[in-house]
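Undergrad: 3D, please:
(one chain, ligands or ions: 1)
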Amino acid sequence: MEHDINRFKEWVYQNLKIDLHAYKERQLHRRILTIMRSSGCKNLDEYKKKILSDETTRNNFLDYITINVTEFNRNKEIFDQFEKHVKSELLSKKREIKIWSAACSVGAEPYSLAIIFDKINPANRHTILATDLDEHILEQAKAAVYSDKYLKNLNQSDINKYFTLKNDKYYLDEKIKKRVQFKKHDLILDSYPGPFDVIVCRNVTIYFKSDARNEIYQKFSNVLNPGGLLFTGATESIYNPSEFGLKKLHTFIYQKIG
Ligand SMILES: C[S@@+](CC[C@H](N)C(=O)[O-])C[C@H]1O[C@@H](n2cnc3c(N)ncnc32)[C@H](O)[C@@H]1O
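TA: Below you'll find the predicted structure:
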């Protein structure tokens, strides 16, 4: 079975242009078999054929394997820390802030940033690039329509100010939508854009093997301006930040040295 899964990963790379070799194996293999079975296939050869012939199966596979779970202001207390450091480390020194939200899923994270910057930098001199490898979820991100489960960390006054409720769905304000530009980007395979003053990359490096994760942190550091901030997920503290030219401001917030 191990051999079949390795061949399947090679096939995914050739056919869907996603490099699954960088992902932690045990967890990934379990997920491949779970999604294969839930799509009604008995083996990986049958599943490959279905992925190629049926768009829903292909999208379900990509969604499940890349894990899209997200919400606005995920881990709110760390977002509050992030806001504090943006004010003290960036806004006090610089007026135009370039932000990258990498692995942004359905957009809750970059739009959270857009809302924060709308409040703390009302002169609006900031740009937000949001990327993910999954084109299907980027389309959802651009639509910016959410159910209430995504909004549970927002206070009611922000919900009233930034969303319109219609038929149980929350439609994000056009002004906030316009602040974010979405683009497909694969953290393993693509070259990195830049430079940026802030990179937010949360809850994705946890799925990668340590070599791939270290490479990503080095590449982030390379495209951060001196003094710029890297904001990671609540289980993704970097143990050796100085190896990447970073210093720790908070367990999940790092600053480019220089
Ligand atoms: C669990 S979500 C995290 C979303 C958001 N950053 C947050 O913390 O709420 C992980 C996201 O990483 C994306 N992803 C997985 N592998 C990726 C890769 N190699 N390059 C870019 N994005 C990737 C998935 O498509 C998914 O949207």
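Undergrad: what are the ranges of the strands in the stretch 51-200 of the chain?
TA: Counting by DSSP state E, counting those that start in this stretch, the stretch 51-200 of the chain has strands at residues 97-102, 126-132, 145-146, 163-166, 169-172, 180-184, 196-201.
Undergrad: could you dump those to TSV with distance to the ligand and mean neighbour count?
TA: Every residue, glycine included, has its C-beta placed from N, CA and C. Listed next are the strands of the stretch 51-200 of the chain as TSV, based on distance: least, Cβ to the nearest ligand atom, whole Å; neighbours: other Cβ atoms under 10 Å:
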stretch	distance to the ligand	mean neighbour count
strand 97-102	7	25
strand 126-132	5	23
strand 145-146	13	18
strand 163-166	18	14
strand 169-172	16	17
strand 180-184	9	16
strand 196-201	7	24
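Undergrad: of all those, which lies closest to residue 42?
TA: strand 126-132 (31.1 Å; Cβ to Cβ).
Undergrad: Counting by contacts, list what the closest one packs against.
TA: Packing partners of strand 126-132 (3 or more Cβ pairs under 8 Å, 6 or more residues apart in numbering; DSSP states H and E): strand 97-102, helix 108-120, helix 135-143, strand 180-184.
Undergrad: who touches the first one?
TA: With contacts defined as Cβ atoms under 8 Å, 6 or more residues apart in numbering, strand 97-102 is touched by 86, 90-91, 109-110, 113, 117, 121, 125-132, 180, 185, 187, 193-201, 204, 220, 223, 225.
Undergrad: re the thing from before, in a markdown table: the helices and strands packed on strand 126-132, plus mean pLDDT.
TA: Below are the helices and strands packed on strand 126-132 laid out as a markdown table (pLDDT from 0 to 100):
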| stretch | mean pLDDT |
| --- | --- |
| strand 97-102 | 97 |
| helix 108-120 | 96 |
| helix 135-143 | 95 |
| strand 180-184 | 98 |
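Undergrad: residues near residue 254, how many?
TA: With neighbours defined by other Cβ atoms under 10 Å, the count for residue 254 comes to 28.
Undergrad: who does whichever strand or helix holds it touch, helix- and strand-wise?
TA: In the assignment (DSSP states H and E), residue 254 maps to strand 253-256. When contacts are defined as 3+ Cβ pairs under 8 Å, 6+ apart, strand 253-256 sits against helix 76-85, strand 224-232, strand 246-250.
Undergrad: Tell me which of those is the most buried.
TA: Across these, averaging neighbours per residue (mean count of other Cβ atoms under 10 Å) puts strand 224-232 on top, at a mean of 22.
Undergrad: which helices and strands sit right next to that one?
TA: Using 3+ Cβ pairs under 8 Å, 6+ apart: strand 224-232 touches helix 76-85, strand 196-201, helix 210-222, strand 253-256.
Undergrad: for the third one, packing partners?
TA: Secondary structure elements in contact with helix 210-222, counted by 3+ Cβ pairs under 8 Å, 6+ apart, are strand 196-201, strand 224-232.
Undergrad: now swap in the second one and tell me
TA: Using 3+ Cβ pairs under 8 Å, 6+ apart as the contact criterion, the neighbours of strand 196-201 among helices and strands are strand 97-102, helix 108-120, helix 210-222, strand 224-232.
Undergrad: Would you mind telling me which of the ones you listed is nearest residue 171?
TA: Once the helices and strands packed on strand 196-201 are compared by Cβ to Cβ, helix 108-120 is nearest, at 11.8 Å.
Undergrad: Is the closest one positioned near the ligand?
TA: Yes: residues of helix 108-120 contacting the ligand under Cβ under 6 Å from any ligand atom: residue 109.
Undergrad: who touches that helix?
TA: Against helix 108-120 from outside (Cβ under 8 Å, 6+ apart): 70-74, 79, 82-83, 86-87, 91, 97, 99, 101, 104, 124, 126, 128, 130, 141, 144, 146, 150, 158, 162, 172, 175-177, 179-180, 182, 198, 200, 202.
Undergrad: For this protein, what lies in contact range of the ligand?
TA: Residues of the chain lying near the ligand (Cβ under 6 Å from any ligand atom): 66-70, 74, 103-105, 109, 132-134, 137, 186-188, 202-204, 233.
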